[in-house]
Structure formats: structure tokens, C-alpha cells
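>>> Have a look at this prediction, sequence included:
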Amino acid sequence: MQTTWTYKDYEIEEGLKPGSKTFRYFFKILKSGEKKCNCCVWIADEALSQFDQDKEFDTILASQKEAWQRWVKGKIDEGDFRNRALKIGKEGQQEINLSDMSDHIKPE
């Protein structure tokens, strides 16, 4: 399910990647209808239990959504409109620049 909210002069569309078997949550940031960037949260399968023992996406989302929205707001406040992903694995989390990644995993 996709939801939309606003922050400052920006519209943010967010939602789980449809049909994904792995946890992929996307934020598309727009200004005046023009896409500025994507921010994504990717949780590795082996790290899901850190958030919910049953590895339920909806439960994880309910507990983490506010923190991820703060991350997106921080990017807007900083004027950082690079395509970014917050990759979460067993070892911790790492923010990566999606523009540096291969074409086959860049968000649309």
C-alpha cells in the first residue's frame, strides 16, 4: 500500500515494493510534481528478526516507519537529493548512494 504525505514544499510517496519477497521500502520525493530522488530502506532477510521474530513486513513497518520518515526529512533539510538506500544487515546499517550501483538495481 502506498501513502503520500508532505514535508515543507515536498510531496513524499512511500510504500513497500509490490510483490517483493525481500524487505524493500521506498520513498519517492517530489517537488511541484517533479521527482527529486528516491530514498529506500532495504533489510536483508537474515536481519528481519532484529525487528520482528516472525519477520512480518507490516509489523516491522509499524515499528520503524517513523524513524525512516525522520531520515527522509533529514535528507530534505540537508538538501541531499541523491538517490540513497539505507541497507540494514546483521552487521548493522549502511547508507549507500544508489547512483553508484549497477543499473539492474537502481530504482525506477
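In hand now; what should we look at?

>>> so where is the chain shaky, pLDDT-wise?
For the chain, the stretches with pLDDT under 70 are 1, 101-108.

>>> let's see it at 50
103-108 (pLDDT under 50).

>>> need the contact list for the closest residue to D9 other than its chain neighbours.
Distances taken as C-beta to C-beta, 6 or more residues apart in numbering place K31 nearest to D9, at 5.9 Å, with adjacent residues excluded. All C-beta spots, glycine's among them, are computed from the backbone N, C-alpha and C. Neighbour list for K31: 9-11 [criterion: C-beta atoms under 8 Å, 6 or more residues apart in numbering].

>>> try Q64
By C-beta under 8 Å, 6+ apart, the residues touching Q64 are 41, 51.

>>> What strand or helix carries it?
Following DSSP states H and E, one finds Q64 within helix 57-78.

>>> Show me which positions of that helix end up buried.
57, 60-61, 64, 68-69, 72, 75-76 (16 or more other C-beta atoms under 10 Å).

>>> mind checking how far that helix is from the chain centre?
7 Å (C-alpha atoms, centre = their mean, to the nearest Å).

>>> same deal with stretch 81-96?
The answer for stretch 81-96 is 9 Å, by C-alpha atoms, centre = their mean.

>>> Kindly report the same for stretch 77-96.
Centre-to-centre, stretch 77-96 and its host chain are 8 Å apart (C-alpha atoms, centre = their mean).

>>> Now do the contacts for the residue most central in space within the chain.
Of all residues in the chain, the one closest to the mean position by C-alpha atoms, centre = their mean is C40, 2.5 Å from it. With C-beta under 8 Å, 6+ apart as the criterion, the residues that contact C40 are 24-27, 84-86, 98, 107.

>>> What separation do you get for D80 and K17?
As judged by C-beta to C-beta, to the nearest Å, D80 and K17 stand 22 Å apart.

>>> Same check on K73?
From K73 to K17 the distance is 21 Å (C-beta to C-beta).

>>> same check, this time on K65
15 Å.
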